[in-house]
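**Q** Sequence first, then the predicted structure:
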Amino acid sequence: MRIAYDFEKYMGIEYFITDTIPLLGKIKFKADDFIVEEILKDGTILAYNKKINLNLPNKGRYLYLIVKKRNITTNDVIHLFLQKYRLKLSDIGVYGIKDRRAIAVQCFSLRNVKAEEIINSKFKNIEILGHSYAYGPARLGHHLGNNFTLLIRDVRLDENSIKEVLEKITIQEFIPNYFGYQRFGIPRPVTHKIGEAIIKNDYEKAVDELIGTIDPLESEERILARKIFLDTHDPKEALKYFPEELLYERIVLEHLLHNPNDYLGALAKLPTPALRLFIEAYSSYLFNRFLSKRLSLGMLNIEEGDLVSPIDSGVPVFFSLTVGSGITKERAKELLSKDKIAIVLPVLGYKVKISSGIMGDLIREILIEEGIRPQDFKIWLGNKFIGLKGSYRRIDLKPLIKLSYNIIKDDIFNTNTVQLNFALYRGCYATVLLREIMKHPFPGSYFGKVLKGS
């Protein structure tokens, strides 16, 4: 085990479980370097390079689409459908959120839209690989997982050293199931800081974090806009510089322009899903801290007082038992060996249980340090309820399809390229596995940025 980098500690990620030498390199240098394909509940992989037949009744009000997107976000696709077909947000369903800088294949559902309207339309950066009808919408998390095929470019180790790193990773039995960088915003990992400030009723700080926090990996235009806000705190002046794509920042600034110092009202203008995302990010940060503390004590196996949850398609359900009182340690070990249950930690909310025993003591220490209680996640912002009931998350990253690799010559950097193939259950982050392999001190390497001078 080795200590994480400072930029990771900011997200609650404090350790690497492996002690391999850093592979370094860069992912997502091009969109084609990172391919992610959803895996349906029946095990079907939505392959990026072929047409797909869905196992659906082909009847009903909901048109299911298999969408291949390139270099745009899932939200970009949603907004395109909203505008083109005059839909409401509630008319659109999706199984998962996928990265911008990638080729991604994912499932959407549109209510009361005919297939002919889609087939006869032309889209930029979008291809429809299949469609069918069903009686209900696609919902977040209603798929099995995601299949990844990706390249790590510009690896400057020799082939034997690369193999040594990857072989150690493939036999590593325990990899911590951290929430990955995307959960907190990369670049500019501030979503959890905004959430923390909202939970603690410090709305002015939440606005300052949203609008003013600067990350050197952002564009010069955005950095300048944020600096002007920090220097002036003048909404009218700041609005002159904030680009149109920074929609949330502009919504808040517009409100403050007409309602000076009404920070709560300004935040309440944001969409409820965005506000809840901030709260969820802070809860994810706390989970990462809980898991990091557990790792620091070498607690990789089941302990008295741990929480365990039954597994549904690789993911814990919203139910837990306490080892030693709700279930015996011997029975828990037996079910764990059969993959019937998993050791879990709470993703904090107002309805979750806290572990007992040593882990419970560690969690309570962190909560006291943070000044947070589970009931603090029952939150109203104006007339919007943005509270979080919480959930349970397994402590180990268990792959759906095990890691395999190839080493090839890099046609761009004239070094080695590593091709990786693996699949993860929904809710797990590819970057959590990649950071154990790459161990890169520069966060931009995980989303296609090149360190100046490298």
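**A** Perfect, I can see it now.
**Q** who touches residue 180 in this structure?
**A** Contact analysis of residue 180 by C-beta atoms under 8 Å, 6 or more residues apart in numbering lists 429-432. For every residue, glycine as well, the C-beta is placed using N, CA and C.
**Q** now, which of those residues lie within helices?
**A** Counting by DSSP state H, those place 430-432 in helices.
**Q** Mind naming the longest helix for this protein?
**A** helix 272-296.
**Q** Past that one, which element shows up next along the chain?
**A** Using DSSP states H and E, the helix or strand that follows helix 272-296 in sequence is strand 307-312.
**Q** Show me what that following strand is packed up against.
**A** For strand 307-312, the elements it packs on are strand 321-322, helix 329-337, strand 341-347, strand 391-394, judged by 3 or more C-beta pairs under 8 Å, 6 or more residues apart in numbering; DSSP states H and E.
**Q** and of the ones you listed, who's closest to residue 377?
**A** Across the helices and strands packed on strand 307-312, residue 377 has its closest neighbour in strand 341-347 (10.2 Å, C-beta to C-beta).
**Q** what is the orientation angle of that closest one with helix 272-296?
**A** Computed with axes from the mean of the first three to the mean of the last three C-alpha atoms, to 10 degrees, the direction of strand 341-347 lies at 120 degrees from that of helix 272-296.
**Q** which residues sit against strand 341-347?
**A** Residues contacting strand 341-347 (C-beta under 8 Å, 6+ apart): 283-284, 286-287, 290-291, 294, 302, 306-311, 316, 320, 332, 335-336, 352-355, 359, 363, 390-396, 398.
**Q** Can you give the distance from that strand to the centre of its chain?
**A** Centroid separation for strand 341-347 versus its chain: 18 Å, with C-alpha atoms, centre = their mean, to the nearest Å.
**Q** repeat for stretch 140-157
**A** Taking mean C-alpha positions (C-alpha atoms, centre = their mean), stretch 140-157 and its chain are 13 Å apart.
**Q** Next: stretch 64-83.
**A** 18 Å.
**Q** Please spell out which residues along that stretch are buried.
**A** Buried residues in stretch 64-83, defined by neighbour count with 16 or more other C-beta atoms under 10 Å: 64-74, 77-78, 80-81.
**Q** Could you list which of those residues belong to helices?
**A** 74, 77-78, 80-81.
**Q** List the buried residues for stretch 229-236?
**A** Within stretch 229-236, the residues scored as buried using 16+ other C-beta under 10 Å are 229, 233, 235.
**Q** which one of those is nearest residue 31?
**A** Using C-beta to C-beta, residue 229 is the member of the buried residues of stretch 229-236 that lies nearest residue 31, at 31.8 Å.
**Q** Give me the residues contacting the host helix or strand of that closest one.
**A** For residue 229, the element it lies in under DSSP H and E is helix 220-232. Identification of contacts with helix 220-232 by C-beta under 8 Å, 6+ apart yields 208, 211-216, 218, 237-238, 241-243, 246, 249, 253.
**Q** what sits up against the next helix-or-strand element following it?
**A** Going down the chain from helix 220-232, the next helix or strand is helix 235-239, by DSSP H and E. Contacts of helix 235-239 with the rest of the structure, by C-beta under 8 Å, 6+ apart, involve 211, 225, 228-229, 232, 250, 253-254, 256-257.
**Q** Give the rounded mean pLDDT of helix 235-239.
**A** The average pLDDT within helix 235-239 is 95.
**Q** in the helix or strand just after it, what counts as buried?
**A** Downstream of helix 235-239, the next assigned helix or strand under DSSP H and E is helix 247-258. Within helix 247-258, the residues scored as buried using 16+ other C-beta under 10 Å are 248-253, 255-256.
**Q** Determine which two of these are furthest apart.
**A** Pairwise distances among the buried residues of helix 247-258 were taken by C-beta to C-beta; the largest, 12.9 Å, belongs to 248 and 256.
**Q** Quick check: closest non-adjacent residue to the residue nearest to the spatial centre of the chain.
**A** The centroid of the chain falls nearest to residue 183 when counting by C-alpha atoms, centre = their mean (4.0 Å). Leaving aside its chain neighbours, residue 183 sits nearest to residue 284 (4.9 Å; criterion: C-beta to C-beta, 6 or more residues apart in numbering).
**Q** Tell me which stretches of the stretch 51-200 of the chain form helices.
**A** Secondary structure of the stretch 51-200 of the chain by DSSP state H, counting those that start in this stretch: the helices cover 74-84, 115-119, 159-171, 191-199.
**Q** follow-up on the earlier one: can you lay out the ones in helices among the contacts of residue 180 as a markdown table showing pLDDT and distance to residue 202?
**A** Formatted as a markdown table, the ones in helices among the contacts of residue 180 follow (pLDDT from 0 to 100; distance: C-beta to C-beta, whole Å):
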| residue | pLDDT | distance to residue 202 |
| --- | --- | --- |
| 430 | 94 | 34 |
| 431 | 93 | 30 |
| 432 | 95 | 30 |
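**Q** got a markdown table for the residues you listed, with neighbour count and distance to residue 22 too?
**A** Below are these laid out as a markdown table (neighbours: other C-beta atoms under 10 Å; distance: C-beta to C-beta, whole Å):
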| residue | neighbour count | distance to residue 22 |
| --- | --- | --- |
| 430 | 23 | 18 |
| 431 | 20 | 15 |
| 432 | 18 | 16 |
